[in-house]
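Asker: return a 3D structure for these sequence lines:
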Amino acid sequence: MNGNGYTNHPTSVGILACELYIPSLYVEQSSLETYDNVSKGKYTIGLGQQRIAICSDHEDICSLCLTVLSRLFEQTGVHPQQIGRLDVGTETLVDKAKSIKTVLMQLFTEHGNTAVEGVDNINACYGGTAAIFNAIHWIESSYWDGRYAVVVMGDIAVYAKGNARPTGGAGACALLIGPNAPIVFEPGCRSTYMTHVYDFYKPDLSSPYPVVDGHLSVQCYTSALDTCYGQYCTKTQMNSESHSKTSSSDDVNLSTFAGIVFHTPYVKLTQKSLARLFFNDILRACSYIPSSLIEKYKNYDIHSSANDKELERDLIEQSRELYEQKTLPGLYFSQNMGNMYTPSLYYSLFSFLSSLSSEDQLYGQRILLFSYGSGLASSMYSVVCRKVHDTRFTLEQIRKSIQRARHILDKERIEIAPELMDKLLLEREKNDHKAPFTPAQPNEIFKSGNMYLKSVDKNYRRFYEKFLGEDDSTAKKETIQQLYNDYFQTQQINGDTH
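Answerer: The predicted structure follows:
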């Protein structure tokens with residue numbers, strides 16, 4: 001018998017529990033439209049974004065990950081000694097050699113656990129998915145020692161001032177992975193598409209900002225989506241046929257999923273993506289598609305149609321009901337936090353899980369996920385929600401964790417003006433990889449228990465502490481804006497900002 005009491009090969013491997021990080025500061029995208037002097041609706045309608053999450057100088061990728069991991073332990077009661085693997089997914093680097101995973105190890109070594117496999121996974125927004133796959137593979141392998149795996153993923157997405165800045169954001173999450181899970185990754189139901197392209201990359205190691213070819217990136221995303229969906233349907237159909245003799249050729253299609261969620265750089269892209277999958281089903285002549293649509297598009301080619309804007313608009317309209325039922329419920333976090341890079345897809349999953357009134361509506365339901373990271377790496381796979389008899393890790397508990405995060409998102413965040421956001425991001429750019437460095441922005445934004453960056457010494461070593469204070473969000477909202485105004489006014493007087 002292994003350490004967690006399993007005597008047989010692990011089954012139903014998936015997500016046992018989760019914890020989400022919600023940055024305390026945000027900017028209204030409508031206010032940013034006015035501040036940037038762009039047409040009304042450019043960000044709120046054109047991109048589909050409502051708010052953008054902003055981090056202070058006390059928040060770096062390590063502090064975000066330390067916070068969600070420590071809170072996962074606190075909320076679940078899982079002891080650090082019960083963890084045998086920890087994988088991290090991120091593209092926000094603070095060191096080119098030392099992994100974030102090793103920084104997180106301080107939460108384990110203080111409990112005498114140094115036997116924790118796994119390191120960081122890096123490829124743009126795909127790193128979180130790679131981390132999950134690694135964790136699952138470990139549990140299903142001969143090397144599994146019976147302990148749980150944890151996946152932590154997070155990013156702080158920032159862009160230089162200009163058209164791309166509204167597509168930034170920030171977030172992090174921690175997932176407990178193990179057998180007998182309420183959210184199971186379907187075995188054999190996975191496809192992958194990878195190739196070499198420069199659509200989004202970060203070659204300047206002295207800058208936090210990426211180099212982006214926006215048009216090419218959307219083309220690559222669409223191509224990856226088409227390829228992964230075709231492969232997924234084929235592989236999943238083969239997997240189904242091996243267990244059933246009554247399968248038909250179009251058993252796998254959009255109608256078979258309760259939810260369809262995507263990596264979400266911006267919300268509008270998901271509507272186009274769902275329409276694209278709908279087009280794939282039309283060309284496959286799936287049984288749920290009206291015959292009139294099959295006839296209308298029978299001579300279209302999936303590849304040559306990728307840049308047909310008139311076709312895209314038509315498909316968006318034709319698939320609107322599917323989108324509103326299966327994808328839109330998964331966009332609440334993305335709409336209100338922005339692009340989170342690696343955890344973006346999983347916040348969409350969490351949003352969908354929390355959108356229904358009861359977990360009973362989710363039992364037995366399948367959800368399709370599409371993960372994309374520029375450069376490029378992509379995968380499509382599915383999860384199934386199930387009722388488990390273990391009362392410790394249930395869908396109900398997962399939904400409660402998500403609801404706590406949604407409460408913070410809706411009720412406890414602090415709005416700042418766009419001009420303050422510009423100052424915050426300018427200061428982040430100026431202090432990026434600066435040593436020695438002591439963050440000096442107001443720390444009153446934090447919830448008690450949050451880990452924050454205390455200092456960076458002359459040798460670039462980073463030190464973190466746990467914030468202990470009052471959680472009076474009403475008082476904070478009334479004072480934070482003024483504290484930041486005073487802070488930057490002092491900086492300007494001292495000549496510290498430009």
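Asker: and Ala417, what does it touch?
Answerer: Ala417 sits next to Val27, Ser31, Tyr35, Gln481 when contact means C-beta atoms under 8 Å, 6 or more residues apart in numbering. For glycine as for every other residue, the C-beta is placed from the backbone atoms N, C-alpha and C.
Asker: could you dump those into TSV and include pLDDT?
Answerer: Shown next, in TSV, are the contacts of Ala417 (pLDDT from 0 to 100):
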residue	pLDDT
Val27	97
Ser31	96
Tyr35	95
Gln481	80
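Asker: quick one, helices of the stretch 251-400 of the chain?
Answerer: Using DSSP state H, counting those that start in this stretch, the helices assigned to the stretch 251-400 of the chain run over residues 267-283, 291-296, 309-318, 320-326, 332-337, 344-355, 395-407.
Asker: quickly list what Val212 is bridged to.
Answerer: With DSSP bridges as the criterion, Val212 is bridged to Phe200.
Asker: any idea how far it lies from Met194?
Answerer: 20 Å (C-beta to C-beta, to the nearest Å).
Asker: okay, these two: which has more neighbours?
Answerer: The neighbour count for Val212 versus Met194, taken as other C-beta atoms under 10 Å, is higher for Val212 (19 against 15).
Asker: tell me the pLDDT at the more buried one?
Answerer: Confidence at Val212, expressed as pLDDT, is 93.
Asker: just to revisit the earlier point, out of the contacts of Ala417, which are buried?
Answerer: Buried by 16 or more other C-beta atoms under 10 Å: Val27, Ser31, Gln481, out of the contacts of Ala417.
Asker: so who does Asn459 touch?
Answerer: Ala435 are the contacts of Asn459 under C-beta under 8 Å, 6+ apart.
Asker: shaky segments in this protein?
Answerer: Low-confidence segments of the chain (pLDDT under 70): 1-7, 241-250, 471-478, 493-498.
Asker: list the contacts of Ile289.
Answerer: Taking C-beta under 8 Å, 6+ apart, one finds Asp281, Ile282 in contact with Ile289.
Asker: for Phe257, see how far away it is.
Answerer: From Ile289 to Phe257 the distance is 15 Å (C-beta to C-beta).
Asker: do the same with His111
Answerer: If you go by C-beta to C-beta, the gap between His111 and Phe257 works out to 40 Å.
Asker: more crowded one of these two?
Answerer: Just comparing His111 and Phe257: by other C-beta under 10 Å the higher neighbour count belongs to Phe257, 18 against 13.
Asker: in this structure that one contacts Arg366, no?
Answerer: Yes. Phe257 lies in contact with Arg366 (C-beta atoms under 8 Å); the separation is 5.1 Å.
Asker: need the overlap of contacts for the two.
Answerer: Ser382.
Asker: so what does the lengthiest helix in the chain touch, helix or strand wise?
Answerer: If you go by DSSP state H, the chain has its longest helix at helix 214-241. Helix 214-241 is packed against strand 183-194, helix 267-283, strand 366-373, strand 377-385, with contacts defined by 3 or more C-beta pairs under 8 Å, 6 or more residues apart in numbering; DSSP states H and E.
Asker: ok, 10 Å please
Answerer: The contact analysis (3 or more C-beta pairs under 10 Å, 6 or more residues apart in numbering; DSSP states H and E) places helix 214-241 against strand 183-194, strand 200-201, helix 267-283, strand 366-373, strand 377-385.
Asker: what are the buried residues along the third one?
Answerer: The neighbour-count check on helix 267-283 (16+ other C-beta under 10 Å) flags 267, 269-283 as buried.
Asker: and the furthest pair within the residues you listed?
Answerer: Val267 and Leu283 (25.8 Å; C-beta to C-beta).
Asker: Met153: which of the helices and strands packed on helix 214-241 is closest?
Answerer: Of the helices and strands packed on helix 214-241, nearest to Met153 by C-beta to C-beta is strand 366-373, at 11.0 Å.
Asker: which residue ranges of the stretch 351-498 of the chain form strands?
Answerer: In the stretch 351-498 of the chain, the strands defined using DSSP state E, counting those that start in this stretch lie at 366-373, 377-385, 414-415, 451-456, 462-466.
Asker: using JSON lines, please lay out these together with distance to Asp87 and mean neighbour count.
Answerer: What follows is the strands of the stretch 351-498 of the chain, written out as JSON lines (distance: least, C-beta to C-beta, whole Å; neighbours: other C-beta atoms under 10 Å):
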{"stretch": "strand 366-373", "distance to Asp87": "15", "mean neighbour count": "25"}
{"stretch": "strand 377-385", "distance to Asp87": "15", "mean neighbour count": "23"}
{"stretch": "strand 414-415", "distance to Asp87": "32", "mean neighbour count": "17"}
{"stretch": "strand 451-456", "distance to Asp87": "19", "mean neighbour count": "20"}
{"stretch": "strand 462-466", "distance to Asp87": "20", "mean neighbour count": "15"}
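Asker: buried ones in stretch 155-173?
Answerer: Applying a neighbour-count criterion of 16+ other C-beta under 10 Å, one finds 155-159, 164-173 buried in stretch 155-173.
Asker: oh sorry, the question was meant for stretch 282-299
Answerer: Applying a neighbour-count criterion of 16+ other C-beta under 10 Å, one finds Ile282, Leu283, Arg284, Cys286, Ile289, Leu293, Tyr297 buried in stretch 282-299.
Asker: give the contact list for the first one.
Answerer: Going by C-beta atoms under 10 Å, 6 or more residues apart in numbering, Ile282 touches 289-290, 293-298, 300, 302, 315, 318-319.
Asker: now for those: which two are most distant?
Answerer: Farthest pair in the contacts of Ile282 (C-beta to C-beta) is Pro290 and Ile302. Separation: 19.1 Å.
Asker: possible to save the strands of the stretch 351-498 of the chain as a markdown table with distance to Gln237?
Answerer: Compiled in a markdown table, the strands of the stretch 351-498 of the chain are given as follows (distance: least, C-beta to C-beta, whole Å):
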| stretch | distance to Gln237 |
| --- | --- |
| strand 366-373 | 14 |
| strand 377-385 | 13 |
| strand 414-415 | 48 |
| strand 451-456 | 46 |
| strand 462-466 | 49 |
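Asker: nearest to Glu19, of the ones you listed?
Answerer: The nearest among the strands of the stretch 351-498 of the chain, by C-beta to C-beta, is strand 451-456 at 12.7 Å.
Asker: what sits up against that closest one?
Answerer: Contacts of strand 451-456 (C-beta under 10 Å, 6+ apart): 56-71, 94, 106-107, 431, 433-439, 443, 445-446, 461-467.
Asker: any of those residues buried? List them.
Answerer: In these, the ones that pass as buried (16+ other C-beta under 10 Å) are 56-71, 94, 107, 437, 439, 443, 445-446, 462, 464, 467.
Asker: cheers, nothing more for now.
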